[in-house]
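Visitor: coordinates only, sequence not included:
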């Protein structure tokens, strides 16, 4: 008799699972996007081999989401990109998390979650959410993408209503990160360690980064003035360098404080966005008691968009970045026998966006740049120039 009871219970559980799975599958929402670009630059390569003209710029995303209950939802995104030597169209899990909303002012997210840095990091990989082909590179540089795109851990979020004072949204998190060894930042750090090879006798190759801590958050105030929102973000990051699994620690990267202050104002057909950033960094190496590098970079930008009609939008950008806010003339680079203009990047850009229909968009964009900060030397091993420009044409579809 017990055997039949067990079989009956097992059959009931299987049947209920199938019914629930069928209901679950019916509620799944599938969305995606695909983009392809061509870039041509003068004098310097940028992100790819752009001096000769490059089509190595594409993005593909597939998003699945569902509401499991009234309070619990789940979502994930598969993402693929090719950006010069980065990505090479490998498919990665961009984010995947469960979201449980207790009340309007408190919810929790668990998994791999887009990091709330600035106003635009969470939408950085969706071209339809960007007014230009790339977000302002001073803050949202592709060289940093690996360690700011998402955190793996837990986050609390919510929205607090304040009657006539508007409302405040927040998102705080703690966890770790996941950085590919092919990222530009990892290659830059590897080059720094190899500068010590004459003293250490050690040549570093195929280095990876193990993230020990990623923590921070954002507070966003939707003010009583219609269209105006203000925000502040903060990030703390700690990692160690590894040559291979089980190898001794050869140093590490710390970001003991990354502050981003944000403002966005929408009025009629105009959208004005401005952000200010200071990021502290400390690089340790081997057993050297003092940090190999300790500095604070500084970035600020202003971006203005105007929608001429429901299809055409014009956007202008001024984006200023300094590698070290206390050395804006690049004197430390001169002391190392390098050009002073490695200490800054001053970008003026203009973009024309055309919305063919709700699923298809075109962008034509031009940038004039002074300076070679943000690791331009890694894309230009045969030398680089101070003043240069680039043009990019991009088309994107969504579904």
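Guide: Now that the structure is in, tell me what you want to look at. Everything numeric in this text was worked out from a predicted model, so none of it was measured.
Visitor: lowest confidence element among the helices and strands of the chain?
Guide: Lowest on mean pLDDT, DSSP states H and E among the helices and strands of the chain sits helix 2-26, with a mean of 44.
Visitor: following that helix, which helix or strand shows up next?
Guide: strand 29-41 (DSSP states H and E).
Visitor: adjacent strands (with direction) for that following strand?
Guide: Paired strands of strand 29-41, with direction, are strand 54-67 (antiparallel), strand 387-398 (antiparallel) (DSSP bridges).
Visitor: tell me the buried residues in the longest one?
Guide: For strand 54-67, the buried set under the neighbour-count rule, 16 or more other CB atoms under 10 Å, comprises 54, 56-63, 66. To be clear about C-beta, it is placed using only N, CA and C from the backbone, and glycine gets the same treatment.
Visitor: what ranges does the protein have for its helices?
Guide: 2-26, 137-140, 145-148, 184-194, 197-200, 331-335 (DSSP state H).
Visitor: which strands or helices does the fifth one pack on?
Guide: On a contact count with 3 or more CB pairs under 8 Å, 6 or more residues apart in numbering; DSSP states H and E, helix 197-200 meets no helix or strand.
Visitor: residues in contact with it?
Guide: Outside helix 197-200, the residues within contact range by CB atoms under 8 Å, 6 or more residues apart in numbering are 203, 286.
Visitor: what average pLDDT does it get?
Guide: The average pLDDT within helix 197-200 is 80.
Visitor: so how far is it off the chain centroid?
Guide: Average the C-alpha atoms of helix 197-200, do the same for its chain, and the two points are 34 Å apart (CA atoms, centre = their mean, to the nearest Å).
Visitor: go through that helix and flag the buried ones.
Guide: Across helix 197-200, burial judged by 16+ other CB under 10 Å covers residue 200.
Visitor: what do you get for the last one?
Guide: If you call a residue buried by 16+ other CB under 10 Å, then helix 331-335 has these buried ones: 332-333.
Visitor: now it: mean pLDDT?
Guide: The average pLDDT for helix 331-335 rounds to 94.
Visitor: got the contact list for residue 380?
Guide: Residue 380 makes contact with 44-45, 372 under the criterion CB under 8 Å, 6+ apart.
Visitor: of these - the most surrounded one?
Guide: Counting neighbours by other CB atoms under 10 Å, residue 372 leads the contacts of residue 380 with 28 neighbours.
Visitor: and it, how close does it get to residue 83?
Guide: Distance of residue 372 to residue 83, computed by CB to CB, to the nearest Å: 18 Å.
Visitor: now residue 115
Guide: For residue 115, the distance to residue 83 - CB to CB - is 19 Å.
Visitor: ok, now residue 326?
Guide: 31 Å.
Visitor: which one's more surrounded, those two?
Guide: Using other CB under 10 Å, the more surrounded residue of residue 326 and residue 83 is residue 83, with 20 against 10.
Visitor: surely that one is in contact with residue 145?
Guide: No: the pair residue 83 / residue 145 is not scored as a contact, 9.1 Å apart, by CB atoms under 8 Å.
Visitor: bridged to residue 160, which residues?
Guide: Beta-bridge pairing for residue 160 (DSSP bridges): residue 168.
Visitor: contact partners for it?
Guide: 104-105, 167-170.
Visitor: go through those residues and name the one nearest residue 196.
Guide: Closest approach between those and residue 196, by CB to CB: residue 170, at 42.1 Å.
Visitor: dump the residue contacts of that closest one.
Guide: Per CB under 8 Å, 6+ apart, neighbours of residue 170: 156-160, 217-220.
Visitor: which of these are buried?
Guide: The buried subset of the contacts of residue 170 - by 16+ other CB under 10 Å - is 157-158, 217-218, 220.
Visitor: return the member of those residues nearest to residue 278.
Guide: Once CB to CB is applied, the member of the buried ones among the contacts of residue 170 that ends up nearest residue 278 is residue 218, at 15.5 Å.
Visitor: pLDDT weak spots in the stretch 1-150 of the chain?
Guide: 1-26 (pLDDT under 70).
Visitor: kindly recompute the last result at 50.
Guide: Scanning the stretch 1-150 of the chain for pLDDT under 50 picks out the ranges 1-20.
Visitor: what's the answer for the stretch 201-350 of the chain, then?
Guide: By pLDDT under 50, the stretch 201-350 of the chain contains no weakly predicted segment.
Visitor: please enumerate the strands of it.
Guide: 208-222, 228-242, 251-267, 270-285, 293-307, 312-322, 344-357 (DSSP state E, counting those that start in this stretch).
Visitor: residue 77 contacts residue 91, doesn't it?
Guide: No: between residue 77 and residue 91 there is no contact under CB under 8 Å: 10.8 Å.
Visitor: these two - which one has more neighbours?
Guide: For residue 77 versus residue 91, neighbours defined as other CB under 10 Å are more numerous around residue 77 (22 against 12).
Visitor: what's near enough to touch that one?
Guide: The contact partners of residue 77, taken as CB under 8 Å, 6+ apart, are 61-64, 93-96.
Visitor: just put the residues you listed in CSV and tack on distance to residue 319.
Guide: Shown next, in CSV, are the contacts of residue 77 (distance: CB to CB, whole Å):
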residue, distance to residue 319
61, 25
62, 31
63, 29
64, 34
93, 30
94, 25
95, 26
96, 32
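Visitor: tell me the one of those residues nearest residue 230?
Guide: residue 95 (25.8 Å).
Visitor: ok, that closest one - contacts?
Guide: Each residue near residue 95 by CB under 8 Å, 6+ apart is listed here: 75-77, 111-114, 150.
Visitor: which residue packs closest to residue 347, ignoring adjacent ones?
Guide: residue 319 (4.2 Å; CB to CB, 6 or more residues apart in numbering).
Visitor: including distance to residue 279, could the strands paired with strand 29-41 go into a markdown table?
Guide: Conversion of the strands paired with strand 29-41 to a markdown table gives the following (distance: least, CB to CB, whole Å):
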| stretch | distance to residue 279 |
| --- | --- |
| strand 54-67 | 25 |
| strand 387-398 | 24 |
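Visitor: quick check: which of these is nearest to residue 40?
Guide: strand 387-398 (5.3 Å).
Visitor: model confidence over that closest one, on average?
Guide: Here strand 387-398 scores 96 as its mean pLDDT.
Visitor: that one vs strand 344-357, what angle?
Guide: Counting by axes from the mean of the first three to the mean of the last three CA atoms, to 10 degrees, strand 387-398 lies at 30 degrees to strand 344-357.
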